[in-house]
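In: what follows is a predicted protein model with its sequence.
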There are 2 protein chains.
Amino acid sequence: MFTVDLDKIQRIPVPDSVKRALREILGEDRVLDDDMDRMLYSYDATRIQIPPDVVVIPQTQEEVQKIVHICYENGIPVTPRGAGSGYTGGALALKGGVLISFEKMDKILDIDEENAVARVQPGVVTFTLQKAVERVGLFYPPDPASYKFCTLGGNVAENAGGPRCVKYGVTREYVMELNTVVHTGEIIHTGKPTLKDVAGYDITRLLIGSEGTLGIFTEITLKLIPKPKAKKTAKAIYKDIASVGETVKEIFKAGISPSALEFMDKLAINAVEDFGHFGLPRDAEVLLLIEVDGHPKAVEDEIKEVARICELTGAIKVDIAQTDIEAEKLWEARRALSPAVAKLNRTKINEDIVFPRSYLPEALPQLREIGKKYNLKMVNFGHIGDGNVHANFMINGLDPEEVARAEKAVEEVFDLALRYGGSITGEHGVGITKANFMPKQFKPQEMELMKKIKRVFDPKNLINPGKMGLD
Amino acid sequence: MFTVDLDKIQRIPVPDSVKRALREILGEDRVLDDDMDRMLYSYDATRIQIPPDVVVIPQTQEEVQKIVHICYENGIPVTPRGAGSGYTGGALALKGGVLISFEKMDKILDIDEENAVARVQPGVVTFTLQKAVERVGLFYPPDPASYKFCTLGGNVAENAGGPRCVKYGVTREYVMELNTVVHTGEIIHTGKPTLKDVAGYDITRLLIGSEGTLGIFTEITLKLIPKPKAKKTAKAIYKDIASVGETVKEIFKAGISPSALEFMDKLAINAVEDFGHFGLPRDAEVLLLIEVDGHPKAVEDEIKEVARICELTGAIKVDIAQTDIEAEKLWEARRALSPAVAKLNRTKINEDIVFPRSYLPEALPQLREIGKKYNLKMVNFGHIGDGNVHANFMINGLDPEEVARAEKAVEEVFDLALRYGGSITGEHGVGITKANFMPKQFKPQEMELMKKIKRVFDPKNLINPGKMGLD
């Protein structure tokens, strides 16, 4: 679902009495309801546009409590919004009502160096936290492609990933505590700022990845780890994907846990070169970027071993970046992929399926076939180390026939991932765009269970309603 | 609560009709209800005795489904049991009914080397899996003290920890998929055998640590990692706990992530020496064991750096184990702690509170004071790297006055942990023994939320009822 027909959705307007109440709490400046403001908060990276009725901009936890309380009492939907960088419409106010923007709750509240813990408001940009903790020798690994502008609240809501997750795990592994405003306007505090805590049910992890549908985060405690002392990057070029599969297998078999293991196909390489001239080889079928990090001596040994494995398993050219600047240039090329691919056409349908990694060499050619079958421009890249592939269809988006073809292609992409025991989403979440596909991955009793949990947290279905196929 | 007055508990007997139905499914041999068998399954490591009405021993997932279906239909409680090695009564059939022992569901179903994933039945002993995966160069880190006899089903139910968790995380971080028999007798499958998967709510992690109160696990998929190529252990002796705190702080500050960081106090050292003559220094106030693992060159550098830090921060003696045998001897001493301490008196009350680690030097002397105040023999040891302290009161257990004193002391121990922002349990769970203390850690609305979740999974309160204070 890449377009939403607003006429078909029951949208709940915000009555003047509620607007007045919100203005009493927040003042005039932080309650926006003119058309221009509503339009500015109506989109995310899906390019689907859904204007909220009212945008509110709280500055404190207490303000969020009051907003949720008033809205819930009056039957008004509330939708939390970080940077609006999501690919599935999670931050869009599908059913109208009040959109809560966290742009002014962007403070790093505490960096506790001794316990390696950071406490933040949800609107802190991921990169801002990373820079701040790196200054004191600590490290926050999760690195979604949007890390320079996405927010930690959104990262927690979506359980964000990124290249480094193959070694360091996803956002879930770094969240220790959450303050969450629930439907009554009360705050529940879950978790402890300790590495171990097994008292009660793990509500913290139920909330992580719940896409803002169970409650609204107002404070997040994150685990930090020591910053790796060194890292090295290698680049390998291949004529075929099967060899890449062999490389990946042998790297892990050698006991090396790379801190990133990324691939891009020919179309992706060329898109990046058109975009920024990074010096990538335009005629390569597949490009592999491998990073190892850790103790300097270990890194030195391991990157050489990685290069040796690449050569032995069929890479036609392998280079180890000799300087940090050289390495950074390679990663800049990788990070340029998303905007570069976006330039290929008006609308980018960016799916993020996952396979158990050993099946990738077999599955990737089938993925390409789907693009050919539906006559769509398709670019594949992603996190080959953890089996997470970004399968992008670049469409115009204005031609209903093309959109229909793309929808069919996406469904086949999901079927392929599920056939290999994978998932329809590794990083982006379900939101609006994948909501219809949930019954593909879950049995009716599993869907029913999730719906019941949703009702425990949100009996009136007003907390980010219409998402994840749980209505 | 270290004793349970069975007369005060509403226990639900199993009618003959249900016993007959169970025998039809499992045969005579795997449905036990004579007094001797019931007694054999009536205890765990708490030494509280609560006999189940009937013990059933399924061999397949389908048998578990039928057992749960019949019991639930007939209003009979079901309680899952692994090895009965828990410290909080989780595997005890508090309300009577049917105890499901997983002793015959002990197969490793698959070790997928390429994807570094193992699929097991819940009755597999943790150590058995570890040995099996290490044979192919892989590693399953969680290592509760009972790892040689506890089962993976129990580990998942309790979200088990261990010394290595300071570097590698707890059981939760290694569970990818679960098959869970829910109250209807249906199986819900949650998770994917991939490092990333964000479709739907994270029911897998809600189930981990739920102490068997939400459903009965029948199959577990575990993440494996490459086996570290080398490890080294250092032993450091201290005259005071404050210096140990400094050491811990400086080790992490140096960017070293130790794979174990364990301490024992004087009484613990002496208990171990009485038990097995491991050559530990009886006059030391605190003993610290530090292990680093990873790439051989990194390990070589890091253990020297660790030793240097120990000396600089006040250790009076530091030794690096020169051989694997020497190192193993040190770890044997550490592992002997639990049985050694148990010998100090008839009943061991083993609490497992957690502090944010920087507060330990300040909190540990206060912990000792509690022991003195109530005139109880107290032994403290544990995982100082993650702030998880095993505070053991060694009591006779037959003297009601002594038991009452111990109960008060335990309550003060919990208060101390909570005062420092810690948790009442880092590894053992809540079960029966900590059920009364849940409202200390959670606000009424948080307790209510957990109770509602319990009701979603178990509307009749028959799945391991009476645990975690959620009745």
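Out: Ah, there it is.
In: quick check, pLDDT for A:Phe2.
Out: pLDDT for A:Phe2: 66.
In: please apply the same query to the one 10 residues further on.
Out: Per-residue confidence (pLDDT) for A:Ile12: 92.
In: can you give me the strands for the stretch 201-350 of chain A?
Out: For the stretch 201-350 of chain A, the strands defined by DSSP state E, counting those that start in this stretch cover A:216-223, A:225-226, A:230-238, A:260-265, A:286-294, A:317-320, A:347-351.
In: who does the shortest one pair up with?
Out: Neighbouring strands of strand A:225-226 in its sheet, by DSSP bridges, are strand A:138-139 (antiparallel).
In: number of nearby residues for A:Lys104?
Out: A:Lys104 has 14 neighbours, counted by other C-beta atoms under 10 Å in any protein chain shown. Bear in mind the C-beta positions are built from the backbone N, C-alpha and C, glycine included.
In: contacting residues for the closest residue to it other than its chain neighbours?
Out: Nearest non-adjacent residue to A:Lys104, counting by C-beta to C-beta, 6 or more residues apart in numbering or on different chains: A:Gln59, 4.8 Å away. Neighbour list for A:Gln59: A:Arg30, A:Lys104, A:Met105 [criterion: C-beta atoms under 8 Å, 6 or more residues apart in numbering or on different chains].
In: could you do A:Arg30 as well?
Out: Applying C-beta under 8 Å, 6+ apart to A:Arg30 gives the contacts A:Val56, A:Ile57, A:Pro58, A:Gln59, A:Lys104.
In: now do the buried residues in stretch A:5-23.
Out: By 16 or more other C-beta atoms under 10 Å in any protein chain shown, the buried positions in stretch A:5-23 come out as A:Arg11, A:Ile12, A:Val14, A:Val18, A:Lys19, A:Ala21, A:Leu22, A:Arg23.
In: how about the residues of the stretch 1-150 of chain A by chain B?
Out: Contacts of the stretch 1-150 of chain A with chain B, taken as C-beta under 8 Å from any C-beta of the partner chain, map to A:Asp112, A:Glu113, A:Glu114, A:Asn115, A:Ala116, A:Val117, A:Gly137.
In: do you know how far A:Ile316 is from A:Ala234?
Out: Using C-beta to C-beta, to the nearest Å, we find A:Ile316 at a distance of 14 Å from A:Ala234.
In: cool, and A:Lys440?
Out: Between A:Lys440 and A:Ala234 the computed distance is 37 Å (C-beta to C-beta).
In: next: A:Ala404.
Out: Taken as C-beta to C-beta, the span from A:Ala404 to A:Ala234 is 42 Å.
In: the two: which is more packed in?
Out: More crowded of A:Ala404 and A:Ala234, by other C-beta under 10 Å: A:Ala234, with 24 against 11.
In: the strand or helix carrying A:Lys131 vs strand A:216-223, what angle?
Out: Following DSSP states H and E, one finds A:Lys131 within helix A:126-134. Going by axes from the mean of the first three to the mean of the last three C-alpha atoms, to 10 degrees, helix A:126-134 is angled at 30 degrees with respect to strand A:216-223.
In: give me the mean pLDDT for helix A:126-134.
Out: Averaging pLDDT along helix A:126-134 yields 98.
In: stretch A:84-93 too?
Out: 96.
In: same deal with stretch A:415-425?
Out: Stretch A:415-425 carries an average pLDDT of 97.
In: touching chain B at all, it?
Out: Yes: using C-beta under 8 Å from any C-beta, stretch A:415-425 reaches chain B at A:Gly421, A:Gly422, A:Ser423, A:Ile424, A:Thr425.
In: having no further points to raise, I will conclude here.
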